[in-house]
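[1] Quick one, structure for this:
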Amino acid sequence: MKETLGSGEKLEFEKAAMDLFQIQYKHNPVYRQWCDYVKGTPDRVNSLEDIPFLPIGFFKQKQLSIFKAEPELFFRSSGTGGYGQSKHAAYDPDFYDLRTQRIFEATYGPIQELCVLALLPAYLEREGSSLVRMAQHFINLSGDPDSGFYLHNLEALADKLKAKQAAGKKILLLGVSFALWDLAEQFPQNLSGQIIMETGGMKGRRKELIRADLHQIFKGAFQVDAIHSEYGMTELFSQAYSRGDGLFYPPDSMRVYSREMEDPFSRASFGKTGGLNIIDLANMDTCAFIETQDLGRCYEDASFEVLGRFDRAEVRGCNLMIG
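    As a prediction, the model looks like this:
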């Protein structure tokens, strides 16, 4: 399955998910204990709907892995809010790099044609960010020598954006929301036709706004028709993208379902608000079946929207906004 996901070949999702459930039940002791606890053992799992989803908080408490050996590295969450860090074992970081590339390019085309400018100050100031690794990989792939990271030097970034826009170069400006807001206020400019992408996350730096209102600010400041969004987290090896309509479209390695608010073991109907459950086949070495604390709605075309977080849920660095 890793070869299929890496090559971009078409995957038979349901069969792959059922096979991966069997593997992870057998070899991931934490996931197996959870499945036993909720009576989701292999003899009871006959379809995708029967597969148990592991509450995402286990990534803070346990090392989730189908292997006994230590991984090459760990991706770590910010731990915003004092609830501790999630830790996601990465046994094959090169596969993560390749997967992020395949997913992005399936939506936006070749990265090598872009100037990638990453405005990710809060993520650059700590170690183990999967988002920073993804951005670094995109920067490396970019054919533009001006691609790179920006920490707090907004004026230099604004000058670079202006020069690239004037030269007719295609830009990906990837930024955490509070930093993009600072840029929008201090250095508004015409970036029409460019990809302005927020990754979520105010991290207590700015007032919380619903995503739609924040996007209106960005669209006005940068004179673009849409603000793009990335949905990702430490606990996932896959990402989903929104091109500005509020709907995220998962890649072929990922499916998102909503669960009933009062019954986490039942799926919510299409269009109904519920907690988001995610199957991420790229999490093949850890746990592919995750019950998140995000609220959202799922639709028949496999798209989904993110509406916020459960009450008392940890404030997460990647998704602080509601929208």
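
[2] List the buried residues for the strand ranked longest in the chain?
    The longest strand of the chain (DSSP state E) is strand 289-298. Residues of strand 289-298 classed as buried by neighbour count (16 or more other CB atoms under 10 Å): F289, I290, E291, T292, Q293, D294, L295, G296, R297, C298. (C-beta placed from N, C-alpha, C; glycine too.)

[3] Can you work out which other helices and strands pack against that strand?
    strand 54-55, strand 254-259, strand 274-280, strand 304-309 (3 or more CB pairs under 8 Å, 6 or more residues apart in numbering; DSSP states H and E).

[4] who touches the residue most central in space within the chain in this structure?
    When CA atoms, centre = their mean is applied to the chain, the residue found nearest the centroid is G232 (0.7 Å). Shown in contact with G232 (CB atoms under 8 Å, 6 or more residues apart in numbering): S130, L131, M134, T199, S238, Q239, A240, C318.

[5] what's the most buried one of the helices and strands packed on strand 289-298?
    Mean neighbour count (mean count of other CB atoms under 10 Å) peaks for strand 274-280 among the helices and strands packed on strand 289-298, with a mean of 24.

[6] wait, isn't Q63 in contact with H88?
    No. In this structure, Q63 is not within contact of H88 by CB atoms under 8 Å, at 9.4 Å.

[7] Compare the two and say which is more crowded by neighbours.
    Using other CB atoms under 10 Å as the criterion, Q63 and H88 rank with H88 on top: 27 against 17.

[8] Need the nearest residue in space to the more buried one, chain neighbours excluded.
    Spatial nearest neighbour of H88, excluding adjacent residues (CB to CB, 6 or more residues apart in numbering): F75 at 4.4 Å.

[9] Near that neighbour, how many other residues are there?
    A count of nearby residues for F75, using other CB under 10 Å, gives 26.

[10] now it: how far from Q194?
    Distance, F75 to Q194, using CB to CB, to the nearest Å: 28 Å.

[11] picking up where we left off before, so the longest strand of the chain versus strand 254-259, what angle?
    For strand 289-298 against strand 254-259, the angle by axes from the mean of the first three to the mean of the last three CA atoms, to 10 degrees is 70 degrees.

[12] can you give me the offset of strand 289-298 from its chain's centre?
    12 Å (CA atoms, centre = their mean, to the nearest Å).

[13] Parallel or antiparallel, which strands does it pair with?
    strand 54-55 (parallel), strand 274-280 (antiparallel), strand 304-309 (antiparallel) (DSSP bridges).

[14] what about the strands in the stretch 151-300 of the chain?
    Counting by DSSP state E, counting those that start in this stretch, the segments of the stretch 151-300 of the chain that form strands are 171-175, 195-198, 228-231, 240-242, 254-259, 274-280, 289-298.

[15] Next, format those as a markdown table and append distance to N140 and mean pLDDT.
    Output for these, formatted as a markdown table (distance: least, CB to CB, whole Å; pLDDT from 0 to 100):
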| stretch | distance to N140 | mean pLDDT |
| --- | --- | --- |
| strand 171-175 | 13 | 97 |
| strand 195-198 | 18 | 97 |
| strand 228-231 | 18 | 96 |
| strand 240-242 | 20 | 98 |
| strand 254-259 | 24 | 97 |
| strand 274-280 | 24 | 97 |
| strand 289-298 | 28 | 96 |
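
[16] quick one, which of these is nearest to G220?
    With distances scored as CB to CB, the stretch of those nearest to G220 is strand 195-198 (11.8 Å).

[17] other SSEs contacting the closest one?
    Right, strand 195-198 is packed against strand 171-175, helix 177-186, helix 211-222, strand 228-231 by 3+ CB pairs under 8 Å, 6+ apart.

[18] ok, now with 10 Å
    On a contact count with 3 or more CB pairs under 10 Å, 6 or more residues apart in numbering; DSSP states H and E, strand 195-198 meets helix 93-108, strand 115-119, strand 171-175, helix 177-186, helix 211-222, strand 228-231, strand 240-242.

[19] Any idea how many residues pack against the closest residue in space to E185 that isn't next to it in sequence?
    Spatial nearest neighbour of E185, chain neighbours left out: A221 (7.3 Å); criterion: CB to CB, 6+ apart. If you count neighbours by other CB under 10 Å, A221 ends up with 20.

[20] A221 and Y241: what is the separation?
    For A221, the distance to Y241 - CB to CB - is 21 Å.

[21] what about the stretch 1-150 of the chain, any weak spots by pLDDT?
    Residues of the stretch 1-150 of the chain meeting the criterion pLDDT under 70: 6-8, 79-83.

[22] could I get stretch 114-129 in CSV with only the CA atoms?
    C-alpha atoms of stretch 114-129 as CSV (Å, rounded to 0.1, in the frame of the first residue of the first chain):
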residue,chain,number,x,y,z
LEU,A,114,5.9,28.0,-7.6
CYS,A,115,7.7,30.4,-5.4
VAL,A,116,7.0,29.0,-1.9
LEU,A,117,6.9,31.6,0.8
ALA,A,118,6.2,30.1,4.3
LEU,A,119,5.1,32.5,7.1
LEU,A,120,5.0,30.1,10.0
PRO,A,121,6.5,31.9,13.0
ALA,A,122,4.9,29.9,15.8
TYR,A,123,5.8,26.6,14.2
LEU,A,124,9.4,27.6,13.4
GLU,A,125,10.0,28.4,17.1
ARG,A,126,9.6,24.8,18.2
GLU,A,127,10.9,21.4,17.1
GLY,A,128,9.0,18.6,15.5
SER,A,129,6.4,20.4,13.5
